[in-house]
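Make a model of this:
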Amino acid sequence: MENPDDELLRKLQATFKVEAAEYLQILNTALLQIERSVEATEVQALLQESFRAAHNMKGAARTVGLKEVQTLSHSIENVFQQARDNKLTLTPVHCDVLYHTFDAIKALLDGKSVALDELVVRLGKMSVEKIPAAPSPNMALTTPTQSELVGAIDDLDDGLVTNRADFPAALGASGEETIRVAIGKLDALMADTGELLTSKISADQHLNEMTQIQYQLSLWPKTLDDFGTLLRRVNGPVGLQLGEILSQHQDYLQTLSQNIDGVQQSIARNTLRLGMITNRIQDEVRQVRLVPFQSIIFLLQRTVRDAARSQNKQVALLVVIGGEVELDKKVLEILKDPLLHLLRNAVAHGIEYPNERLATNKPAEGHITLTIQQRGNEVSIEVKDDGKGFDFAALRAHRSHNGGARSDESMTADELINLAFAPGVSTATEITELAGRGVGLDVVRQSVEALQGRIEVSSHPGRGTAFQLVVPVSLTTTFGLLVRIANEQYILPLLSIEKIIHPDVSFSIEGQLMISVDNQPIPLISLAAALNRPFSQEIAPSKTLAIVVRAADQRMAVLVDDILSQQEVTIKPLSNLFPRVLCVAGAAILGSGEPVLVLNTTDLVKVAKQSEMAPITMPQLTLGVAPEQNVAPHDHYILVVDDSITTRTLEKNILQAAGYKVITATDGELALKQLKENRVDLVVSDVQMPNLDGIGLTQSLRESKQYSNLPVILVTSLERTEDRERGLMAGANAYIVKRGFDQAELLSTIERLL
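Numbering: from 1, shown residues only. Below is the predicted model of the structure:
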């Protein structure tokens, strides 16, 4: 049986490991700022902050019996004390030693061995105070007693709370008391909320069934009245007896109707309450999983600093715009490696040496900027440098050396950049710690693909390069298009969808069926063929739809039988029996309670490149200019306003398929311009848009004499009660939430308003 003291000590050390990580973040962040700051007052404050963090870490390490961490923390404390008291001026060499010490403490906490003596000696040379000798690696640590351990709990707890105000903003401290929860527990909680959503959907269905029963019951009294009218023609005792029975049935019916009304109202109240609670729990669990991007900024800035030092280059520490944007913890963890690769590449391949920059009228110091922006359910992260850009000549030489089939000079810039993402490709002339091994961009692509995201690159010789990574905010939920092939339904992640089109004339390139989109040829495949599933035998060419999707920098068009709706779903992994299924990212539960597979667009793009997938085995499909659909046209014009091209295209297709004439705009200002130039009978608008949002647009229409009565439907992802009230207060006639978007609801609402 384990000694209670040992068990308690282990728990305390686990708590200290988390606390120490926060202290190390403080020290890294502060030292990075000290190196860049020229303001004496600011430097003094940072030195004091660093001294206090090292002191607290030393005390906590001593409490839990971690002597090696205690020794290094004390050495760091001495250095910052000397610098704070103006007895030591920190140079880049001093900072190198301190950074190595921070890394050594992190390694010790991870259970790795560290050359402690060497570090202590190097730190000792920086300080005028005598530093205690490091304990021998074989020296037994003194185990605290039970009473000391109990007191240590209070010390650690006090440290975690009282020092919370000392933590930088990067830690996300808000003054509130906090606890730490394992991500796995949050994943399980999110899965449970998905089950709760299924129960809520089932309750909605029961409510609809009860409404149908009420309607059927409402027809019964009229039937009895008709029967009573006929019964009055029957004379004698039989007629009287039947009349009494009829009267009793009418009383029974009235009582039954009242009881059903009561049950229906109770179900409606409970369903409404269940829906509100379910939505709130889902939102709160999602919020708990979110962490600010700035929590990893110190790591990225440190990477730039160390890379520049190793290359003898002058590079301004990373400038971050939008660090307050929050992402799911898992997304942020997956993004760390690709971002580190991009930053190291920017220093090694992009930023020139100072003399080279000065020779081209650039400042000696290079700059790297990181910009984070959130738009809806996706986040855009741009890494931009002002270096020399991609070395296209070196990329051409690499292709020529490896037997490229095409003329090297004929390759476009985009094709050469795409080549740089291939494994084993490097433009470095020698192998160093940062470059020359042909890894980096390949890792970036793989990570972005794993997140179902995309990557775009622009490079200008002599002016620099910009990488833009677009990824979902969360991996647990996603917005997607519900599509149909034959009698089966699938979800394509909305993040990877560019547009929806009617396929035009197709052609073949090297055996691969292609279609021209935006004047560029892209592969065309049937979703049914890609998934090896049956396709519809009744689909008409006029109703064929193609969805243009992008994975990383690759595009393709996917043929489907129909696009049903836009859905937000909770993605669940497949069973352990199926750890990896080609083209499948996971499963989800639809609003109807039916299970559906969520597709992996990266796999679909890879499938499209396989030669055996080139033919589309759909003999009834002859691609060409689609004739007009056989839908009775409406004499109504509808203005669709949405800054998302996918949502705008989806709504436009739904409305045109229903026979309406559609005009589009990307924001409220352009919508007002369209209203002046075109006849519009109804407006369907998003809420969150640049320039003028949907609320502002609705208010402008209601304040206008000409458009004060123009019907407005707001279709948005904002589903809180206060958001709905704000939309209706602005003057909207209807408010539809995108989460459970149903085209039938949109069309019926439009029909009612028109």
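
Convert the C-alpha atoms of stretch 226-233 to PDB, please.
Only the C-alpha atoms of stretch 226-233 are listed here, as PDB (Å, rounded to 0.1, in the frame of the first residue of the first chain):
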ATOM      1  CA  ASP A 226     -73.000  17.000 -38.700                       C
ATOM      2  CA  PHE A 227     -74.000  13.800 -37.100                       C
ATOM      3  CA  GLY A 228     -76.300  15.600 -34.600                       C
ATOM      4  CA  THR A 229     -78.000  17.500 -37.500                       C
ATOM      5  CA  LEU A 230     -78.800  14.100 -39.100                       C
ATOM      6  CA  LEU A 231     -79.800  12.600 -35.800                       C
ATOM      7  CA  ARG A 232     -82.500  15.200 -35.200                       C
ATOM      8  CA  ARG A 233     -84.400  13.800 -38.100                       C
END
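
pLDDT on it, on average?
Averaged across stretch 226-233, the pLDDT comes to 72.

Stretch 683-692 too?
Mean pLDDT, stretch 683-692: 88.

just how off-centre is that stretch within its chain?
Between the centre of stretch 683-692 and the centre of its chain there are 21 Å (C-alpha atoms, centre = their mean, to the nearest Å).

Helices along the stretch 201-350 of the chain, start to end?
Secondary structure of the stretch 201-350 of the chain (DSSP state H, counting those that start in this stretch): helices located at 237-289, 297-311, 329-345.

list the buried ones in whatever helix or strand comes next after the last one?
If I follow you right, that is helix 329-345. The C-terminal neighbour of helix 329-345 among helices and strands, as given by DSSP states H and E, is helix 354-359. By 16 or more other C-beta atoms under 10 Å, the buried positions in helix 354-359 come out as Pro354, Arg357. Any C-beta I mention is one placed from the backbone N, CA and C, and that applies to glycine too.

what comes into contact with helix 354-359?
Lys313, Gln314, Ile351, Pro363, Ala364, Glu365, Gly366, Lys388 (C-beta atoms under 8 Å, 6 or more residues apart in numbering).

can you count the residues close to the last one?
Right, Lys388. With neighbours defined by other C-beta atoms under 10 Å, the count for Lys388 comes to 22.

please renumber so the chain begins at 21
Let's use 21 as the start, then, which means that last one is Lys408.

Tell me which helix or strand it sits in.
According to DSSP H and E, Lys408 maps onto no helix or strand at all.

Identify the residues contacting the nearest residue to Ser516 once chain neighbours are set aside.
Distance criterion C-beta to C-beta, 6 or more residues apart in numbering; nearest residue to Ser516, sequence neighbours excluded, is Thr621 at 4.1 Å. Contact analysis of Thr621 by C-beta under 8 Å, 6+ apart lists Gln472, Leu512, Pro513, Ser516, Val569, Arg570, Ala571.

swap the cut-off to 7 Å and go again
With contacts defined as C-beta atoms under 7 Å, 6 or more residues apart in numbering, Thr621 is in contact with Gln472, Leu512, Pro513, Ser516, Val569, Ala571.

With Lys408 instead?
Contacts of Lys408 (C-beta under 7 Å, 6+ apart): Gly370, Glu372, Pro481, Gly482.

Quick one: closest of the helices of the stretch 221-370 of the chain to Pro543.
Set against Pro543 and scored by C-beta to C-beta, those come closest in helix 349-365, at 25.6 Å.

List the buried residues for the closest one?
349-352, 354-355, 358-365.
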